[in-house]
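In: here is a sequence with its predicted model. Questions after.
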Amino acid sequence: MRNFISILVLVLFASSAKSQNANNGFDIQAYGRWVVDTLSSPYFKGRGYIKEGDNLAAYFVASEFHKCGLKKFTGARNYYQNFNFPVNAFPRDVFVAIDDQYLICGRDFVPEAGCPDIKGAWNLVWLDSATVANEDAYKSFARRDFSTYFIVIDDRGVTDPDQQKIFKNIALNPFGAKGLIYIRNKITWSVATELSPFPIIEVVRGNISKDSKKMRLLVDSKFIDDYPSRNVIGYVEGKEKPDSFIVISAHYDHLGKIGRIVYFPGANDNASGIGMMLSLAKWFSMPANKPKYSIAFIGFGAEEAGLIGSTRYTMYPVFPLSQIKFLFNVDIMGTGDEGITVVNSTEFKKEFELLDSINIKNKYLVQIKKRGPAANSDHYPFYQNKVRCFFAYTMGGVKFYHDIDDRSETLPLNEFQDIHYLLRDFINQLQIK
Ligand SMILES: [Zn+2]
């Protein structure tokens, strides 16, 4: 309740303080929340590779583009740029029982994203720093036959570089164990484009112990060689220099589902970024707000699988990369109590000065933190291809990430409107040669 009131106060304050931004009746905050609620709902299946969750999300982005009246690039029948890529998916429920205790998928454990099929009951053997630190104990451990075993790896508190090396090597399964179990403090799931050579299960600490003897396991994964995905691309034509483009981008995909029930909502990552991109598309497509330069909006697919959509775009650009005068990628737009971080701010100093001065003048965010280049979202393939670009993500607030708790209900979106204004002002004031 307290959070709710403070959010309400923030929103009221924001809307009165920023009255210089006439919104033409467009409720930015409500729109952002609607996009996040929609894309993170079960209907979209975590926007991954079960029952075409990612495809449904792409269609949603395209239909919002259509509502805005965004233009399609010459010759394109729709907003899509199609591509295929390999991915491992889990269409069926995954079961893990430790001794007689069934664990809850997504909450207590996850199969590692590249986990191959496996079915059966296996013995467990524990390996922690105490064994590794004792040379004799580790030598006798290494001599055992692990062919019917899963090695349970607890690398908690390992700081010694030699021990770290041993644990790194164990990840390659040098003893030929049936599989590995990693003990984690928190589940962080991902997407794999290759099958792992042996099964790996990640179990949250507390669900397995040194005394655990047996695991029953059922994983029925489906490796898809050429899953069809797509980028979604549209633009607003500039009124002065239509051949110069500013790009606003965000990835719409997330991690998808495991089986019938477990799904990863991805509210912060990155329904919030899609909400931000679409709110700007909506704003700049209003006749009164026509920009000087053209603005392209790109919803990338398969970011979580390794920046696949954005990499594909830079290999086969729908319009030439040389026409992109600046690209602004957004990901994780859901908080902002501690401001935002801007990747590449150390590279593109003039643009950063502009962004920072707009922020200070209008008191939008408490800070914009600088960060150098990083390959952590879809701006990166563009940066590698010499396109000037930023990537912004919010800081502070809830920390759910790549887990089943990244839901709209707990995501405050407390700086959503301010970030929208910041980006809007930045786009309007950016000078392009
Ligand atoms: Zn993301």
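Out: Perfect, thanks for sending it. Numbering: from 1, shown residues only.
In: and the longest strand along the chain, what does it pack onto?
Out: Longest among the strand segments of the chain by residue count, using DSSP state E, is strand 222-236. Packing partners of strand 222-236 (3 or more C-beta pairs under 8 Å, 6 or more residues apart in numbering; DSSP states H and E): helix 53-68, strand 80-89, helix 272-284, strand 293-300, helix 308-315. In short, each C-beta sits where N, CA and C put it, glycine included.
In: for Gly32, find the nearest of these.
Out: Among those, the nearest to Gly32 by C-beta to C-beta is helix 272-284 (4.1 Å).
In: quick one: list the elements packing against that closest one.
Out: Partner elements for helix 272-284 (3+ C-beta pairs under 8 Å, 6+ apart): helix 28-39, helix 53-68, strand 222-236, strand 241-251, strand 293-300, strand 324-330, helix 416-429.
In: so who does the residue in the stretch 301-433 of the chain that the ion sits nearest to touch?
Out: Among all residues of the stretch 301-433 of the chain, Asp331 sits closest to the ion, at 4.2 Å; criterion: C-beta to the ion. When contacts are counted by C-beta atoms under 8 Å, 6 or more residues apart in numbering, Asp331 touches Ala250, His251, Asp269, Asn270, Gly273, Glu303, Ser377, Asp378, Phe391, Ala392, Tyr393.
In: the second one - how many residues pack around it?
Out: Which is His251. Each residue near His251 was counted by other C-beta atoms under 10 Å, and the total is 30.
In: for it, give the beta-bridge partners.
Out: Going by DSSP bridges, His251 is paired in beta bridges with Phe300.
In: was I right to think it contacts Asn270?
Out: Yes. Between His251 and Asn270 there is a contact at 5.2 Å, judged by C-beta atoms under 8 Å.
In: SS state for Lys45?
Out: For Lys45, the assignment made with DSSP: H, G, I helix; E, B strand; the rest coil gives helix.
In: residue contacts, the closest residue to it other than its chain neighbours?
Out: Spatial nearest neighbour of Lys45, excluding adjacent residues (C-beta to C-beta, 6 or more residues apart in numbering): Gly53 at 3.2 Å. If you count contacts by C-beta under 8 Å, 6+ apart, Gly53 has them with Phe44, Lys45, Gly46, Arg47, Gly256, Lys257.
In: thinking again about what came up before, shared neighbours of His251 and Asn270, which are they?
Out: Glu303, Asp331.
In: burial of His379, as a residue count?
Out: His379: 27 neighbours (other C-beta under 10 Å).
In: ah, wrong one, I meant Pro116
Out: 17.
In: from Thr314, how far out is it?
Out: 32 Å (C-beta to C-beta, to the nearest Å).
In: on that earlier part again, tell me what angle the longest strand of the chain forms with helix 272-284.
Out: 20 degrees (axes from the mean of the first three to the mean of the last three C-alpha atoms, to 10 degrees).
In: chain center to strand 222-236: distance?
Out: Centroid separation between strand 222-236 and its chain, computed with C-alpha atoms, centre = their mean, to the nearest Å, is 16 Å.
In: same check, this time on stretch 368-388
Out: Centre-to-centre, stretch 368-388 and its host chain are 15 Å apart (C-alpha atoms, centre = their mean).
In: what comes into contact with it?
Out: 249-251, 300, 303, 307, 309-311, 313-314, 321, 324-327, 329, 331, 339-348, 351-352, 355-356, 359, 389-391, 393, 395.
In: let's see it at 7 Å
Out: With C-beta atoms under 7 Å, 6 or more residues apart in numbering as the contact definition, stretch 368-388 has outside contacts at 249, 251, 300, 303, 307, 310-311, 314, 321, 324, 326-327, 329, 331, 339-348, 351-352, 355-356, 359, 389-391, 395.
In: quick revisit: could I get the helices and strands packed on strand 222-236 as CSV with mean pLDDT and distance to Gln163?
Out: Output for the helices and strands packed on strand 222-236, formatted as CSV (pLDDT from 0 to 100; distance: least, C-beta to C-beta, whole Å):
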stretch, mean pLDDT, distance to Gln163
helix 53-68, 98, 40
strand 80-89, 97, 31
helix 272-284, 98, 39
strand 293-300, 98, 40
helix 308-315, 98, 35
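In: need these in TSV (columns: distance to the ion).
Out: Below are those laid out as TSV (distance: least, C-beta to the ion, whole Å):
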stretch	distance to the ion
helix 53-68	13
strand 80-89	16
helix 272-284	7
strand 293-300	10
helix 308-315	11
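In: could you point out which of those sits nearest Lys210?
Out: Of these, nearest to Lys210 by C-beta to C-beta is strand 80-89, at 31.0 Å.
In: what about the residue nearest to Leu195 when sequence neighbours are not counted, helix or strand, and which?
Out: Counting by C-beta to C-beta, 6+ apart, Pro116 is the residue found nearest to Leu195 once chain neighbours are left out, at 5.0 Å. Secondary structure assignment for Pro116, by DSSP states H and E: no helix or strand.
In: who's in contact with Pro116?
Out: Leu195, Ser196, Pro199, Ser221.
In: just to revisit the earlier point, what mean pLDDT does the longest strand of the chain have?
Out: Per-residue pLDDT over strand 222-236 has a mean of 97.
In: can I get the CA coordinates of it in CSV?
Out: Output in CSV follows, covering the C-alpha atoms of strand 222-236 (Å, rounded to 0.1, in the frame of the first residue of the first chain):
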residue,chain,number,x,y,z
LYS,A,222,12.7,-30.1,-28.3
PHE,A,223,15.6,-28.7,-30.3
ILE,A,224,14.3,-26.6,-33.3
ASP,A,225,16.9,-26.1,-36.0
ASP,A,226,15.3,-23.2,-37.8
TYR,A,227,12.8,-21.5,-35.6
PRO,A,228,11.1,-18.7,-37.6
SER,A,229,11.3,-15.3,-35.9
ARG,A,230,11.2,-11.6,-37.0
ASN,A,231,12.1,-8.0,-36.4
VAL,A,232,9.3,-5.5,-36.5
ILE,A,233,10.2,-2.3,-38.3
GLY,A,234,8.3,0.9,-39.1
TYR,A,235,8.9,4.6,-39.3
VAL,A,236,7.6,8.2,-39.2
